[in-house]
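Trainee: Need the 3D shape of this:
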Amino acid sequence: MRVLFAEDDVILSKSVLAKITKMGHAVDLAMTGVEADHFLKVQEYDLVILDLNLPGIDGQTVLKNLRNQGKITPVLVLTAKDQMEDKISLLNLGADDYMTKPFDFSELEARCLALLRRSQGMAKNVIEHGDLIVDRQACSVFINNTPIAVTNTEYRLLNIFLSHAGQALSKEYLIEHLYNFDDAPNSSAIEIYVARLRKSLADCKNFNLRTLRGLGYLLDRVK
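Mentor: Model prediction:
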């Protein structure tokens, strides 16, 4: 999944970036409100973590602009304000959740996972696809309860396919949701990673990932 993190504190941003990457997500960092507003206009994200106190344009304006575009991207707001009226105002502006600074990184991870589950219509952090199981909290993959070693990129790619089972996904879509602006590959790299993922999951009876000529890939739903 691809995450936008908007935060101008250098130390905090490094810590959160490391946490999100460890969760298996690609992440773009915006250190000003202008950057965040621009990113959200040119790129689709699966989750936005938005600090309110941003230079240039404040987080409330960024959030308001996002919702005015009609986008329903989940937004977790970070704020130093802890008054109830402030929290109510954030929710009314379109925030899906909020955390008051300082916060615990474990709670941040849990809230991010909860928002991603909600946006994808999932009830828990464990995805079951026949004999294939993915624990999104532990970033682990199992086939018939046997741990399977996959690379970080394979894990992230697998998450995208499982979250969109039964849907055709183009190579362009996979690139946009798999990589950030700094390391986006070309479409041929996607073919390589798909081939590696198929090889890693060769023993899985239910992982039927089809190549659709000219369209991309489609993971069949488990019947």
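
Trainee: make it CA atoms for all contacts and neighbour counts henceforth
Mentor: Will do.

Trainee: what sits against residue 185?
Mentor: Going by C-alpha atoms under 8 Å, 6 or more residues apart in numbering, residue 185 touches 175, 179.

Trainee: where does it land on pLDDT?
Mentor: The predicted local confidence for residue 185 comes out at a pLDDT of 72.

Trainee: So it: helix, strand or coil?
Mentor: Following DSSP: H, G, I helix; E, B strand; the rest coil, we place residue 185 in the coil state.

Trainee: Could you check how far it is from residue 37?
Mentor: 24 Å (C-alpha to C-alpha, to the nearest Å).

Trainee: cool, and residue 198?
Mentor: Applying C-alpha to C-alpha, the value for residue 198 to residue 37 is 37 Å.

Trainee: so how far is the helix-or-strand element of the chain with minimal mean pLDDT from its chain's centroid?
Mentor: Sorted by mean pLDDT, DSSP states H and E, the helices and strands of the chain end with helix 84-93, the least confident at a mean of 79. Remark: helix 84-93 is offset 24 Å from the chain centroid, using C-alpha atoms, centre = their mean, to the nearest Å.

Trainee: What's the first helix or strand after that helix?
Mentor: Note on helix 84-93: by DSSP states H and E, the next helix or strand toward the C-terminus is strand 97-100.

Trainee: quick one: average confidence on that following strand?
Mentor: Strand 97-100 carries an average pLDDT of 90.

Trainee: which one of residue 198 and residue 37 has more residues nearby?
Mentor: Comparing residue 198 with residue 37 by other C-alpha atoms under 10 Å, the one with more neighbours is residue 37, at 21 against 16.
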